[in-house]
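K.L.:
Show me how the following folds:
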Amino acid sequence: MKLSEVLVRPVITEKVNLQMERNGRYTFVVGHQANKLEIKKAVESFYGVQVANVNTIVVPAKNKSRFTKDGLLSGRKPSYKKAVVTLAEGETIDLFV
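P.N.:
So this is what the prediction gives:
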């Protein structure tokens, strides 16, 4: 798998921002086929930092429905994989540039 296909996008939420500030943990949406070694290589090469630990989570798909003028619309949100990357001491990533 190419390194450009491994990292899809960073996750920016209040919970993730707290983890960034306190623990040096950054969260990324990654490709389904990506493993921990590929994620570590991709983060180190793209951002130029040392990665201490990588944890992965597969978020399951969800059924969604909403009411409209035409009636009830039903669908599914797709599943995705995300990775929580812990950096070595003193390392940071500036995601807001």
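
K.L.:
Give the burial count for the closest residue to residue 51 other than its chain neighbours, as a bare number.
P.N.:
Nearest residue to residue 51, sequence neighbours excluded (C-beta to C-beta, 6 or more residues apart in numbering): residue 40, at 4.7 Å. C-beta coordinates here come from the backbone N, C-alpha and C atoms, glycine included. Burial measure for residue 40: 18 neighbouring residues, criterion other C-beta atoms under 10 Å.

K.L.:
A helix includes residue 40, no?
P.N.:
Yes. Assessed with DSSP: H, G, I helix; E, B strand; the rest coil, residue 40 lies in a helix.

K.L.:
Do I have it right that it meets residue 54?
P.N.:
Yes. Judged on C-beta atoms under 8 Å, residue 40 makes contact with residue 54 at a distance of 5.3 Å.

K.L.:
Show me which residues of the helix or strand bottoming out on mean pLDDT in the chain are buried.
P.N.:
Here the helix or strand of the chain ranked lowest by mean pLDDT, DSSP states H and E is helix 3-6, holding a mean of 88. Neighbour counts over helix 3-6 (16 or more other C-beta atoms under 10 Å) mark residue 6 as buried.

K.L.:
Likewise for stretch 84-97?
P.N.:
For stretch 84-97, by 16+ other C-beta under 10 Å, it's 84-85, 87, 93.

K.L.:
Also stretch 18-30?
P.N.:
19-20, 24-28, 30.
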